[in-house]
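Trainee: Just need the structure, nothing else, for what follows:
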Amino acid sequence: MIQDVISEGVYPDDKILPEHLIDTFYVVDCFVPHKNLIIEVQGPHHFNADGEMNKKTLTKLKVLGKLGYKIALINSIDFYKQPSEIMRANHVKQRIMRAK
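Mentor: Sure thing, here's the model as predicted:
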């Protein structure tokens, strides 16, 4: 669902690679090669019991950032709270614009 929003509503003219292997080590949810952008969907398994990102996720994001990739994080709960497809697309666009 989120990948459809990205490929249809956010980057319709760019190649989007879902479930892409980065540097033979990390699989990312989506990769936009033209933008050097990784889009990661943060579901519940990315967080610990206190609601903070777990160490595995934090390490992955830190390594990918040091490798020079821009990373957009999309919280799946926030995404699915959006009441319409348009608002979901806008939610994703806002997260991508904040990518570092």
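
Trainee: Can you tell me the SS state at the residue nearest to residue 21 when sequence neighbours are not counted?
Mentor: With CB to CB, 6 or more residues apart in numbering as the criterion, residue 21 has its nearest non-adjacent residue at 5.5 Å, and that residue is residue 27. Where you see a C-beta, it was placed from the backbone N, CA and C, and this is true even at glycine. Under the three-state scheme (DSSP: H, G, I helix; E, B strand; the rest coil), residue 27 adopts strand.

Trainee: need the contact list for residue 27.
Mentor: By CB atoms under 8 Å, 6 or more residues apart in numbering, the contact set of residue 27 is 19, 20, 21.

Trainee: For it, give its distance to residue 57.
Mentor: Distance, residue 27 to residue 57, by CB to CB, to the nearest Å: 13 Å.

Trainee: Distance-wise, check the spatially closest residue to residue 43 that is not a sequence neighbour relative to residue 48.
Mentor: Closest residue to residue 43 apart from its sequence neighbours, by CB to CB, 6+ apart: residue 76 at 4.6 Å. Distance of residue 76 to residue 48, computed by CB to CB: 16 Å.

Trainee: and what of residue 96?
Mentor: To residue 48, residue 96 is 26 Å away according to CB to CB.

Trainee: who has more neighbours, those two?
Mentor: Neighbour count, other CB atoms under 10 Å: between residue 96 and residue 48, residue 96 has more, with 20 against 10.
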